[in-house]
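Student: Please find the sequence and the predicted model below.
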Amino acid sequence: VGVYLEMAKVYWRLGQQHEAAKVIQDALTEFQGTPEEVRIAISNAEFAVQRGDVDGALTLLREIKPTQTYFVQAREKMADIYLRHRKDKRLYAACFRELVELCPTSQTHLLLGDAYMAIQEPEKAIAV
């Protein structure tokens, strides 16, 4: 999977978005039904953001379920999109609150605390 994703990134940086999209599609076909399919979907969402398709990226990331391998990374990417591209602190924090609810681990609690600090809400960070 890593080779496909790196190749797609190289094509993208060379300005060959069509070739990058073909590589991503080939990877999706090759790894369909495997845990790595989610990793490819996250990269596909990153490319969508670079194309200016923020809504498409969010749609791709919303489809990733809590039972799937890269769920935490998908929600982190979604939160980043809400903060950087939508400028929505409320939805940014909501992504991390959802992570804590669905996957209550020390890692997700730490991510939630960091998220509150990033949006200047230290009182909420301390409460986590």
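Tutor: That came through, no problem. Since this is a predicted model, take the numbers as computed values, not measurements.
Student: Name the residues of the helix or strand harbouring Phe47 that are buried.
Tutor: Assigned by DSSP states H and E, Phe47 belongs to helix 36-50. Residues of helix 36-50 classed as buried: 36-49 (neighbour count, 16 or more other Cβ atoms under 10 Å). C-beta: built from backbone N, CA, C; applies to glycine.
Student: How about stretch 12-31?
Tutor: 12, 20-21, 23-24, 27-28, 31.
Student: and of these, the nearest to Pro104?
Tutor: Phe31 (29.1 Å; Cβ to Cβ).
Student: can you tell me how far the nearest residue to Glu121 once chain neighbours are set aside sits from Gly56?
Tutor: Distances taken as Cβ to Cβ, 6 or more residues apart in numbering place Ala93 nearest to Glu121, at 7.5 Å, with adjacent residues excluded. With distances taken as Cβ to Cβ, to the nearest Å, Ala93 is found 23 Å from Gly56.
Student: Same check on Ser43?
Tutor: Distance from Ser43 to Gly56, by Cβ to Cβ: 13 Å.
Student: Over to Ala48?
Tutor: The value you get for Ala48 to Gly56, if Cβ to Cβ is used, is 4 Å.
Student: what's the answer for Val49, then?
Tutor: 9 Å.
Student: Next, Thr69: phi, psi?
Tutor: phi -60, psi -50 (degrees, to the nearest 10).
Student: What is the burial count for it?
Tutor: 14 (other Cβ atoms under 10 Å).
Student: where does the spatially closest residue to Asn44 that is not a sequence neighbour fall, helix, sheet strand or coil?
Tutor: Nearest residue to Asn44 in three dimensions, chain neighbours excluded: Ile24, at 5.3 Å (Cβ to Cβ, 6+ apart). Assigned by DSSP: H, G, I helix; E, B strand; the rest coil, the conformation of Ile24 is helix.
Student: helix or strand right after the helix or strand hosting Leu58?
Tutor: If you go by DSSP H and E, Leu58 is part of helix 54-62. Per DSSP H and E, the first helix or strand lying C-terminal to helix 54-62 is helix 71-84.
Student: Just the pLDDT for the residue nearest the centre of the chain.
Tutor: With distances taken as Cα atoms, centre = their mean, the residue of the chain nearest its centroid is Lys77 (2.7 Å). We have a pLDDT of 97 for Lys77.
Student: Much appreciated, bye for now.
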